[in-house]
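Asks: Next input, structure requested:
(2 chains)
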Protein chains: 2
Amino acid sequence: MPSKVSGPVKIKGQALLPVSVNWLVSVAINFGLLLKLIHDGHLRMVWSSSLNGMPDKENEAPLSSLSSSFTAQAKQGNEGLIQQQLINVDHGDPTMYQSYWKQMGDRTTVVISGWQSVSYFSDTKTHCWFLEPGFANAVTKLHNLVRNAETGNRHIVVGTGSTQLFQAVLYALCPSDAPEPMSIVSAAPFYSSYPLITECLKSGLYKWRGDANEFDRDEPYIELVTYPNNPDGSIREAVVNGNGGILVHDLAYYWPQYTPISSPADHDIMLFTLSKCTGHAGMRLGWALVKDEAIAKKMVKFIEISSIGVSKDSQVRAAKILDVIADTYEHAETSNKSTRFFDYGYQEMAKRWRQLREAVNKGQTFSLPNLPVGKCNFSNRTFGTQPAFAWLKCEKTIDDCETFLRKHKILTRGGVHFGSSKKFVRISLIGHEEEYNEFIRRLSLINSVESL
Amino acid sequence: MPSKVSGPVKIKGQALLPVSVNWLVSVAINFGLLLKLIHDGHLRMVWSSSLNGMPDKENEAPLSSLSSSFTAQAKQGNEGLIQQQLINVDHGDPTMYQSYWKQMGDRTTVVISGWQSVSYFSDTKTHCWFLEPGFANAVTKLHNLVRNAETGNRHIVVGTGSTQLFQAVLYALCPSDAPEPMSIVSAAPFYSSYPLITECLKSGLYKWRGDANEFDRDEPYIELVTYPNNPDGSIREAVVNGNGGILVHDLAYYWPQYTPISSPADHDIMLFTLSKCTGHAGMRLGWALVKDEAIAKKMVKFIEISSIGVSKDSQVRAAKILDVIADTYEHAETSNKSTRFFDYGYQEMAKRWRQLREAVNKGQTFSLPNLPVGKCNFSNRTFGTQPAFAWLKCEKTIDDCETFLRKHKILTRGGVHFGSSKKFVRISLIGHEEEYNEFIRRLSLINSVESL
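Replies: Here you go, the predicted structure:
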C-alpha cells in the first residue's frame, strides 16, 4: 500500500520509524542520493523547491511548468539545501540527443547573418510559401534515405512542431459549415495532448470523442493513428470501421532508432516532428506530407492565420542538421558507425531499454508490454520496437501508479491522461543520461524492496 | 469610370485605340515598365504569371499566397515574357529593413551549434519556461532605452509572432465555463487579421463582434486597441464604455521610426512583434508584457498546448539583434546617426511618406488622412506619425479603390477587410525600395492622368 508520508523528507539523523515499506524505500533512496551528491559534488538534479507547485491535474498539459529541466535546474546551482529530489520522466524532453550533437562538433553549426529572415516569404512558387526550400529538400532527402515515408506526389507543409500541424489538419479536414462538429478519435491509450489541443478553444469545427474503440456514431470522423504509438509503442492500424472516416497518421516515432522500418509509410496525411527525429525540440519544427493539394492548401491557410508562417531560423538550422545526418550515411567511407546518427540513437535506446527491463525484472511490482520484433530495412537489423516512452504498469495492489511513483520522487504521467487506467504510467526514456540512470536506480530499489 | 479592359495587356506594336482614360494609363504604365526593364536588365519585379491565382476574396487572409515576394520572384528569373506586372503593397512584408541589416555586416551575425535547442525548456525559474533569458533581457533593455513601454512588474511572454500571442490572450481572458462566448471588438478600421483569427476555429470561448463603436451589449467584452492603429495610423484610446470590459493593447507600431514616443505605454496587456520593430518577420517572434500573473500563466499554457513553446533559434537571434540596436545608442561614440537603427528607420519612413504625399497631391484622385504631430521623447524630434501603412482613399466616383488599383497592377488590401468602406485601401510602405518607388511612379501617373 502506498505510504501516507508526504512533505519534505528529512534524512540526516532521523530515526527510522516502523512505517510502511514505501517509507523505507523513500528514505533509502534519499540517503543514496545524499551520498551521490556528496560524491559528485555538483550532481545535476532537480531540487524541487517547487514541489509545492505540483502540476494541477485539471490543467495539466503535455509539459508541466513544474521545475522540470534537469539541466536548467542544475545550472541554477541549487545544490545547497536538499528538500526534495525529483526525477522527471513525465515529458519527452529529448535531451538524450545532446551528447551526440556535441560529439559532432562544428559539422552542424550554422552562421546566420543579421539580414536573414526579414521577409515573411520563403518560396512563393509552392503552396507553402513559408517553407524554406533547403528544409524541404533536406526532409525529402532524409525520407528517401531512411525509406520510412513516401515523398513522391506529396506536398510538404512545415509547422511550429507537429503540434501546430495537428491543428492545421483539423482545420483543413473539418467543414466550416457542418451542422455538428466533426468527431476526433484515437484508440486508447492515445497521446495525451490530442484531447487537450482538440478541446482547448471549444471549437465548433471539431470535438474530441475519445477512444476510437468505443466510437460507434454513424457520422464523419477523423481517426488519429500514432505509429508506433505514444504512449505504449504498439504498432497500430485504424480501428474504426465507419463511413466517412479520415485517417491522420502521426509518425513522430517512425524512425530507425525506435522501431524497425518495415516499409515506407504511404498514407494520405503523415505528420513528423524534429523533436523526436533528431532531438531538437527547442526548434519547434514539424512537417506534414500531404497527398491532397486542397488539404495541404488549407493547412497552409491555418498556419498563415494562426502564426503567419514558421521560424525561418529553425528551418535553416534543421536543414543543415538533416543534411549532415544524410551525409554520414551517403559518405560512409568518412563515417564510422558510432558517428552515424541513427546508429547512435539505436544503440542508446537499446541500452536504455535493457536497463529498464532489468530493473522491472528485479521484482513483481512493475510490468512492461511486449513489443513487436521486426526486420529494419534501413539498418538490416532485426529488433524489437524500443520506443521513446515506456508504458509501465504497476502490479499487485498499486492502483494509482503515478501517485505511487511520485511518492518516490519520480514524476511520471498517469494512464488517465492517455484515456487509460491509473495502473499505468508513461515514462520517458530520452532524457539526460544521468537522470535516466538515477531513475533506473530508484526503480530497481523500489522493485527490490517492494518485492521482499 | 474604371476601364473594363482586363487580361494580358499587349504593348509592343499595338495601336492605341480610343478607349477610356484608365486604359491609357495602363498602357503608359506598361510601356514605362518595359523601358525600365530594358534599362535595368534584370528589374526585380513580380511578373505575375500567377495573376490567375488572384486571392480568393472569401478566403483572403493577412498574407495571400499569391506570388507576392518581390525578391523571391526576382530570383526565379522570370524576366522573359512580360505578361502582367504586379506591384504588391497589400501585406506588410518589412523588407525595407533588409538593407539596414546588410549595412550592419557581421555585427548581428549569430553562430548556433548543432547541440543547441535540444531541450524544450529555456528557463524553468520563470512562468514562461520557453522564454530564453537572453531574449527577455534584450526586450527589457530595449524598452528601457526607447521608453515606449513600462517593463517593471511585468511578465514577459514570448510567442510565435504577436499573432499567436493574440490568441493566447483570448484564451487567457475568456472563461471556459461562460454561458456565452466573450465578445471581441475593435474600433473600425481595425487590423484585418483580428476577425480572421478570432473566427477561424469557431471557438465557443469568444466571438468577433466587429466595430467597437457599434458595440452596445451589456456583457463582458474584450476591446483591442491598436496604437498607432493599423491600417490608418490614428492614435487611439478605447471607445467602448461598458462594464466588464478588458483592454488589450497591440503596440506593434509604437516604435520611434513610426510615431513620436510620447510616454511609456502602461497598460495591463501589451503586445509587440519583432516584424514591425526590427523588420525580422521571418523569425516569427513577438512578446507580451503582462501585469497580471494569472493571465500571463494562462497565456503560457495556451502556447504550451498549441505549439509547446517558441523557436529558441529565433529567440537567440532576436536577442543579438535587439542588443546591437541598444548598443548603437548606448555607445554613441562609436556610432554615427546613420548606423543607429531607429534613425535609419525614421529617415526611411519620412522619405517614403514624402514620396507618397507628393504622388497623392499631384491630382484629386486620392487622399490621405491627417496624422497627429507630436514630440518624441526618444529622438527629441517633433514629427507627424508616419505609419508602416497608408490608409488611402479613392476620391471622385471611384467606389472600389482596391479593384481600381488592381486594374493598374497595384495589389492593395481593400477597406472592407478592415471593417470599413471600399473607398479605402491599405498600402504598405515598408517593402523593397525599388518596388515602393515603382508603386509611387504608377500612383503619380494614375493621379496625373485621371485628373486631366
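
Asks: now the strands: where do they sit in the stretch 101-250 of chain A?
Replies: Along the stretch 101-250 of chain A, the stretches classed as strands by DSSP state E, counting those that start in this stretch are A:110-112, A:155-159, A:182-186, A:206-211, A:221-226, A:245-250.

Asks: would a markdown table of the ones you listed with mean neighbour count be doable?
Replies: C-beta here means a position set from N, CA and C on the backbone, and glycine is covered the same way. Supplementary listing: the strands of the stretch 101-250 of chain A in a markdown table, determined by neighbours: other C-beta atoms under 10 Å in any protein chain shown:
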| stretch | mean neighbour count |
| --- | --- |
| strand A:110-112 | 17 |
| strand A:155-159 | 27 |
| strand A:182-186 | 26 |
| strand A:206-211 | 19 |
| strand A:221-226 | 22 |
| strand A:245-250 | 20 |
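
Asks: of all the ones you listed, which lies closest to residue B:186?
Replies: For those, distance to residue B:186 was read as C-beta to C-beta. The smallest value, 27.1 Å, belongs to strand A:206-211.

Asks: Now tabulate the strands of the stretch 101-250 of chain A in a markdown table and tack on mean pLDDT and distance to chain B.
Replies: Formatted as a markdown table, the entries for these read as follows, by pLDDT from 0 to 100; distance: least, C-beta to the nearest C-beta, whole Å:
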| stretch | mean pLDDT | distance to chain B |
| --- | --- | --- |
| strand A:110-112 | 98 | 5 |
| strand A:155-159 | 98 | 8 |
| strand A:182-186 | 98 | 11 |
| strand A:206-211 | 98 | 8 |
| strand A:221-226 | 98 | 15 |
| strand A:245-250 | 97 | 14 |
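
Asks: I'd like to know which of those strands is closest to residue A:285.
Replies: strand A:155-159 (7.0 Å).

Asks: Quick check: residue A:181 vs residue A:175, distance?
Replies: 10 Å (C-beta to C-beta, to the nearest Å).

Asks: Identify the contacts common to these two.
Replies: residue A:205 (C-beta atoms under 8 Å, 6 or more residues apart in numbering or on different chains).

Asks: And the contacts of stretch A:316-334?
Replies: A:101, A:104, A:107-108, A:110, A:112, A:116, A:132, A:134-135, A:137-139, A:141-142, A:145, A:274, A:278, A:280, A:283, A:285, A:335, A:339-342, B:112, B:114, B:117, B:313.

Asks: what do you get if the cut-off is 6 Å, keeping everything else the same?
Replies: Here stretch A:316-334 makes contact (C-beta atoms under 6 Å, 6 or more residues apart in numbering or on different chains) with A:107-108, A:110, A:134-135, A:138, A:141-142, A:145, A:274, A:278, A:283, A:285, A:335, A:339-341, B:313.

Asks: Please produce a ChimeraX select command covering the buried subset of the residues you listed.
Replies: Restricted to the buried members of the contacts of stretch A:316-334, where burial is judged by 16 or more other C-beta atoms under 10 Å in any protein chain shown, the ChimeraX selection command reads as follows:
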select /A:107,108,110,134,135,138,141,142,145,274,278,283,285,340,341 /B:313
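
Asks: which residues of the stretch 1-150 of chain A score low on pLDDT?
Replies: Along the stretch 1-150 of chain A, segments meeting pLDDT under 70 span A:1-84.

Asks: CA atoms only for stretch A:166-180, dumped as PDB, please.
Replies: Output in PDB follows, covering the C-alpha atoms of stretch A:166-180 (Å, rounded to 0.1, in the frame of the first residue of the first chain):
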ATOM      1  CA  PHE A 166      -2.200  18.600 -36.000                       C
ATOM      2  CA  GLN A 167      -4.400  21.700 -35.500                       C
ATOM      3  CA  ALA A 168      -3.800  22.600 -39.200                       C
ATOM      4  CA  VAL A 169      -5.100  19.200 -40.200                       C
ATOM      5  CA  LEU A 170      -8.200  19.500 -38.100                       C
ATOM      6  CA  TYR A 171      -8.900  23.000 -39.600                       C
ATOM      7  CA  ALA A 172      -8.300  21.600 -43.100                       C
ATOM      8  CA  LEU A 173     -10.500  18.500 -42.700                       C
ATOM      9  CA  CYS A 174     -13.500  19.900 -40.800                       C
ATOM     10  CA  PRO A 175     -16.000  21.700 -42.900                       C
ATOM     11  CA  SER A 176     -16.800  25.100 -41.500                       C
ATOM     12  CA  ASP A 177     -20.500  24.800 -42.400                       C
ATOM     13  CA  ALA A 178     -21.200  21.400 -41.000                       C
ATOM     14  CA  PRO A 179     -24.300  21.200 -38.600                       C
ATOM     15  CA  GLU A 180     -22.200  19.400 -36.000                       C
END
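
Asks: Close to chain B: what parts of the stretch 301-450 of chain A are there?
Replies: With C-beta under 6 Å from any C-beta of the partner chain as the criterion, the stretch 301-450 of chain A comes near chain B at residues A:304, A:305, A:307, A:308, A:309, A:311, A:312, A:313, A:314, A:317.

Asks: In helices, which of those residues appear?
Replies: Secondary-structure check on these using DSSP state H: residues within helices are A:304, A:305, A:307, A:312, A:313, A:314, A:317.

Asks: can you give me the helices in the stretch 51-200 of chain A?
Replies: When assigned using DSSP state H, counting those that start in this stretch, the helices of the stretch 51-200 of chain A occupy the ranges A:70-75, A:98-103, A:133-146, A:161-173, A:193-199.

Asks: Would you mark the buried spots in stretch A:196-208?
Replies: When burial is assessed from 16+ other C-beta under 10 Å, stretch A:196-208 yields the following buried residues: A:196, A:197, A:198, A:200, A:201, A:202, A:203, A:204, A:205, A:206, A:207, A:208.

Asks: Could you find the closest non-adjacent residue to the last one?
Replies: What it means is residue A:208. The spatial neighbour of residue A:208 that comes closest, neighbours along the chain excluded (C-beta to C-beta, 6 or more residues apart in numbering or on different chains), is residue A:198 at 4.1 Å.

Asks: Who has more neighbours out of residue A:181 and residue A:175?
Replies: Neighbours were counted for residue A:181 and for residue A:175 using other C-beta atoms under 10 Å in any protein chain shown; residue A:181 has more, 18 against 9.

Asks: Touching, the more buried one and residue A:208? I think so.
Replies: No: under the criterion of C-beta atoms under 6 Å, residue A:181 lies out of contact with residue A:208, with a separation of 9.5 Å.

Asks: Which positions in the stretch 101-250 of chain A make contact with chain B?
Replies: A:101-102, A:104, A:108-115, A:117-121, A:124, A:129, A:160-161, A:163-164, A:196-197, A:200-205.

Asks: What's the mean pLDDT across the host helix or strand of residue A:351?
Replies: Assessed by DSSP states H and E, residue A:351 sits inside helix A:341-361. Helix A:341-361 shows a mean pLDDT of 98 in the predicted model.

Asks: Not counting it itself, show me its contacts.
Replies: Helix A:341-361 is touched from outside by A:100, A:256-257, A:325, A:337, A:366, A:368, A:386, A:390, A:429, A:440, A:443-444, with contacts defined as C-beta under 6 Å, 6+ apart.

Asks: In contact with the spatially most central residue of chain A: list those residues for me.
Replies: For chain A, the residue lying nearest the average C-alpha position, counting by C-alpha atoms, centre = their mean, turns out to be residue A:92 (4.0 Å). The contact partners of residue A:92, by C-beta under 6 Å, 6+ apart, come to A:388, A:428, A:430.

Asks: residues in contact with residue A:257?
Replies: In this structure, residue A:257 makes contact with A:342, A:345, A:346, A:349, judged by C-beta under 6 Å, 6+ apart.
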